[in-house]
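> Dropping the sequence and predicted coords here.
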Amino acid sequence: MASKNHPPGSRARRPLSIFVVLGLCVLFYFLGTWQNSGYGKGNKLAKVVANQAECKTFTNLENVDNLEFEPQHKYTSISDSAEPEAKVFKPCDAKLSDYTPCQEQDRAMKFPRENMIYRERHCPPDGEKLKCLIPAPNGYTNPFPWPKGRDYVHYANVPYKHLTVEKAGQNWVQYQGNVFKFPGGGTMFPQGADAYIDELATVVPIKDGSIRTALDTGCGVASWGAYMLKRNVLTMSFAPKDNHEAQVQFALERGVPAVIGVLGSINMPYPSRAFDMAQCSRCLIPWAANDGKYLMEVDRVLRPGGYWVLSGPPINWKTYYKTWKRSKEDCKAEQDRIEELAASLCWEKKYEKGDIAIFRKKENSKSCERNSANVCQSDGDDVWYKKMETCVTPYPEVESEDEIAGGELKKFPARLSAVPPRVSNGLVSGVTTESFQEDSKLWKKRVTYYKKINSLIGTTRFRNIMDMNAGLGGFAAALDSPKLWVMNVVPSIAQNTLGVIYERGLIGIYHDWCEGFSTYPRTYDFIHASGLFSLYQDKCNFEDILLEMDRILRPEGTVIFRDDVDVMNKVSNIARGMKWDTKMVDHEDGPLVPEKILIAVKQYWTANSENSGSSGE
């Protein structure tokens, strides 16, 4: 559109100095925002440049859209003189650097120990939520890039040596100067995770893409999941926040998917038929107790044809019963009961040698008549905060013994773009084959646009990524790369699409963003939030969601929001008070679209920085 002072078709002549200012503003912004490749304590030169750059003129220049910058880099004014001044959030006390709001020890001890209830989620009420910024510990350094990060973690980031002593003989973790080293060992695989997985692969088809999603119950430092990534298998690992307080924190620092969690009294936050494989490696879960309730819960999330691996007690009890300080009779009775329960679930034992037993779930009910009359009546996908029942989740109906219940999945990576059975079978309201394919195309376009805004997306700079409102998983599918993984979160108040995400060969979890997420602080490099704040605008305070995002985002981490411009203005105003640098960008289809994209980068600061140390009360 021509300026009012120039005829159509002519170019408005601007002083060279304005072009120079604009060019420097863009340069300074990208130097300051994407400060470095993320492997130091912050690029001091970039910070100096960013602090010197005053680019307010940028958004006020007349007819700036006529300038021939790359069109994806148009910044939109996000405030005016009427905009309220941003509320400034102070740092919390340094002792809260590892604060996990829904798994705090003091609150946990008020709940029963029976069935691990005290280790489950117990979130603070609104009046007790912290309104401050969780500080990084003094000396915090961004993690090593993958794959080095799998084996090394900076001591300053997780300054706990407990596991190096308690698990010293099991090759979990070693302390070497200012870093921890993870040799890939485990209690049940002293020869290393690779050798252990190789043995499993003699029975389980890990190599050909049939196995893509896995579950590790009681994961320790998640070395099994870390080494399964070499086989292109995504593992959801979990462990409770207990006296080994850094287990899940270590896993995420290593760049391995993990959450704080436990098999207790409520369902796991995953849909039915989610995982191709599940394993317990000396996880100490009492599988034979509670009438087999925990095995039934694993059965719920295990896909027909999937595999369950048990290594450790009571397997190989004849060798270890004295070491375990148990009687032969007790150990034998426990294994017999587990095998009896497995048979009732239509699991067939395929392998037992040494410390390992492997079971396979039948592909449909016609190939195995379950002898349990206690069939679950509840929806196997409606599980957020639902009590775990002692019942068996029924198979989806099939017409023949050759059919896979729930639908056959392609081998990965073809699975990623194939139409998921839940969609083709019409199980997701309003989602058809055509709309699924359109959604996939749309997110490929959007991710391409994101990469033009930030060229570091898709590199090793961003390893741990979260999509806070994942929909059908299109964002994660468009990003898919061995360099990264995405935690796809389906909000409990959104349409239930998590089963579709798993059928694409991706992983994710249910969550309510009015509460804290089950992870430690500083565990994600990059967060994506599309439509999230419109979804929650009548449910809870924006600042509580943003403070939680700040808690789980690493220093110098990046957030991309997309939402209605009015919502984005509110979000941006809060974010500016949280030590975040923000810029609003036009929608990929141009400035006339009311949906906007907000880019935010969390500044680097630590507990010993100036003005830190407030109580946050």
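Yep, that arrived.
> what about the residue most central in space within the chain, distance to residue 360?
The centroid of the chain falls nearest to residue 487 when counting by CA atoms, centre = their mean (2.8 Å). Distance of residue 487 to residue 360, given as CB to CB, to the nearest Å: 28 Å. Placement of C-beta: from N, CA and C, glycine included.
> Check residue 439 too.
33 Å.
> Likewise for residue 210?
From residue 210 to residue 360 the distance is 12 Å (CB to CB).
> These two - which one has more neighbours?
residue 360 (21 against 18; other CB atoms under 10 Å).
> Point me to the helix or strand that includes that one.
strand 356-361 (DSSP states H and E).
> what's the answer for residue 546, then?
Judged by DSSP H and E, residue 546 forms part of helix 542-552.
> And that helix, what's buried?
542, 543, 544, 545, 546, 547, 548, 549, 550, 551, 552 (16 or more other CB atoms under 10 Å).
> Can you name every helix or strand that the next helix-or-strand element following it contacts?
With elements assigned by DSSP H and E, the helix or strand that comes after helix 542-552 is strand 553-564. Counting contacts by 3 or more CB pairs under 8 Å, 6 or more residues apart in numbering; DSSP states H and E, strand 553-564 packs against helix 433-453, strand 524-530, helix 532-536, helix 565-576, strand 595-602.
> Most tightly packed of these?
strand 524-530 (a mean of 24; mean count of other CB atoms under 10 Å).
> From the buried residues of helix 542-552, pick the one nearest residue 523.
residue 552 (5.6 Å; CB to CB).
> Next, work out how far apart the closest one and residue 389 are.
Residue 552 is 31 Å from residue 389, by CB to CB.
> what's next to the strand or helix carrying residue 487, contact-wise?
Secondary structure assignment for residue 487, by DSSP H and E: strand 485-491. Strand 485-491 is touched from outside by 229, 234, 255, 257, 463-470, 473, 475-476, 479, 496-498, 501, 506-513, 517, 524, 532, 535-536, with contacts defined as CB atoms under 8 Å, 6 or more residues apart in numbering.
> So what are the sheet partners of it and their directions?
Taking DSSP bridges as the criterion, strand 485-491 forms sheet pairs with strand 464-467 (parallel), strand 507-511 (parallel).
> so what's residue 570 closest to, chain neighbours aside?
residue 542 (6.0 Å; CB to CB, 6 or more residues apart in numbering).
> residues touching the one you found, list them.
533, 536, 570, 571, 574.
> tell me the two of those residues that are most distant?
Most distant of the contacts of residue 542, by CB to CB, are 536 and 574, 13.1 Å apart.
> For this protein, name the helix or strand with the lowest mean pLDDT.
helix 56-60 (a mean of 28; mean pLDDT, DSSP states H and E).
> Toward the C-terminus from it, list the very next helix or strand.
Assigned by DSSP H and E, the successor of helix 56-60 is helix 105-108.
> My guess is residue 315 contacts residue 352. True?
Yes - assessed by CB atoms under 8 Å, residue 315 is found in contact with residue 352 at 7.0 Å.
> So for those two, which sits in the more crowded spot?
residue 315 (23 against 15).
> Report pLDDT for the more buried one.
Note on residue 315: pLDDT of 95.
> burial measure for the closest residue in space to it that isn't next to it in sequence, as a count.
Of all residues not flanking residue 315 in the chain, residue 357 sits nearest, at 4.9 Å (CB to CB, 6+ apart). The tally of other residues near residue 357 (other CB under 10 Å) stands at 22.
> what's residue 357 in contact with, if anything?
By CB under 8 Å, 6+ apart, the residues touching residue 357 are 309, 310, 311, 315, 349, 351.
> repeat that for 10 Å
Neighbouring residues of residue 357 by CB atoms under 10 Å, 6 or more residues apart in numbering: 308-312, 314-316, 335, 338-339, 342, 349-351.
> out of those residues, which are inside helices?
Among the contacts of residue 357, DSSP state H puts 335, 338, 339, 342 in helices.
> So the last one versus residue 97, what's the distance?
So that's residue 342. The gap separating residue 342 from residue 97 is 43 Å, by CB to CB.
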